[in-house]
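> below is the sequence, then the predicted model.
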Amino acid sequence: AQKVTQAQTEISVVEKEDVTLDCVYETRDTTYYLFWYKQPPSGELVFLIRRNSFDEQNEISGRYSWNFQKSTSSFNFTITASQVVDSAVYFCALSAYMDSNYQLIWGAGTKLIIKP
Amino acid sequence: GAGVSQSPSNKVTEKGKDVELRCDPISGHTALYWYRQSLGQGLEFLIYFQGNSAPDKSGLPSDRFSAERTGGSVSTLTIQRTQQEDSAVYLCASSSPSGGVWSYEQYFGPGTRLTVT
């Protein structure tokens, strides 16, 4: 079965703390894609990153970093020195083959609250 | 360049009425997706269009829901005989996939908040 689990429903930290959002996925495919999206209070989902299953290199973009580990089927997202503007709901998603077709499976989202 | 736009931003309608929600994708994007997001919930896939192919309607919750895409650009999602459980934010996204439609990032519009009273 294809599945994405974001076990953390809500995380609250104080500004400048580092925070990691967990994403664990299940798939039988060898070729798949993983995504992270941010949904700020305004509601518009914003694409953050796309990673294919053959590229396990970690990625850093400013204060954001992603740790992809196939051995644990995880694609975790870390925000360093968090800021109030990082407050949002973050979704992890998996594109994989299911029922004779590719589908995009979304996690339930993690609500991140950054307190000033 | 312009992003995905949706109209109206808010729609309040009475139960039993029909509504039309519009999505204008990013110019040149061949794939267009509709999702529904209930309050505090994740995304529920409704339908997608890719180029001239027949749309994938597998996510539409009932036959009261339909969508069309004219000229490979603007799309309209129609909900007939609205029910209170249709209340949600309806999100549209577009992408420019060079391969599978689900393998590339999507760009989302601001959504239409539908309230059925």
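Received it, and whenever you're ready, just let me know what you need.

> can you tell me the closest non-neighbouring residue to residue A:26?
residue A:3 (4.3 Å; CB to CB, 6 or more residues apart in numbering or on different chains). Using the backbone N, CA and C atoms, a C-beta is placed for each residue, glycine as well.

> burial measure for that neighbour, as a count.
When counting by other CB atoms under 10 Å in any protein chain shown, one arrives at 13 neighbours for residue A:3.

> that one and residue A:105 touch, don't they?
Yes. The pair residue A:3 / residue A:105 is scored as a contact, 6.6 Å apart, by CB atoms under 8 Å.

> mind listing the shared neighbours of the two?
A:25, A:94 (CB atoms under 8 Å, 6 or more residues apart in numbering or on different chains).

> so what secondary structure elements neighbour the helix or strand hosting residue B:36?
Using DSSP states H and E, the element containing residue B:36 is strand B:31-37. With contacts defined as 3 or more CB pairs under 8 Å, 6 or more residues apart in numbering or on different chains; DSSP states H and E, the packing partners of strand B:31-37 are strand B:44-50, strand B:75-79, strand B:88-95.

> residues touching residue A:1, list them.
Applying CB under 8 Å, 6+ apart to residue A:1 gives the contacts residue A:26.

> give me the pLDDT value at it.
pLDDT for residue A:1: 77.

> just give the nearest non-adjacent residue to residue B:44, would you?
Excluding its sequence neighbours, the residue lying closest to residue B:44 (CB to CB, 6+ apart) is residue B:36, at 4.6 Å.

> I figured the one you found hits residue B:90, correct?
Yes. The criterion here is CB under 8 Å, and residue B:36 meets it with residue B:90 at 5.6 Å.

> which residues are in contact with each of those two?
With CB under 8 Å, 6+ apart, residue B:36 and residue B:90 have common neighbours residue B:46.

> flag every buried residue along the worst-scoring helix or strand of chain B on mean pLDDT.
Least confident helix or strand, chain B: strand B:44-50 with a mean of 91, by mean pLDDT, DSSP states H and E. Buried residues in strand B:44-50, defined by neighbour count with 16 or more other CB atoms under 10 Å in any protein chain shown: B:44, B:45, B:46, B:47, B:48, B:49, B:50.

> and the end-to-end length of stretch B:51-61?
Length of stretch B:51-61, first residue to last, CA to CA, to the nearest Å: 23 Å.

> what does that stretch rub up against?
Identification of contacts with stretch B:51-61 by CB under 8 Å, 6+ apart yields A:101, B:30-31, B:44-50, B:66-67, B:69, B:72.
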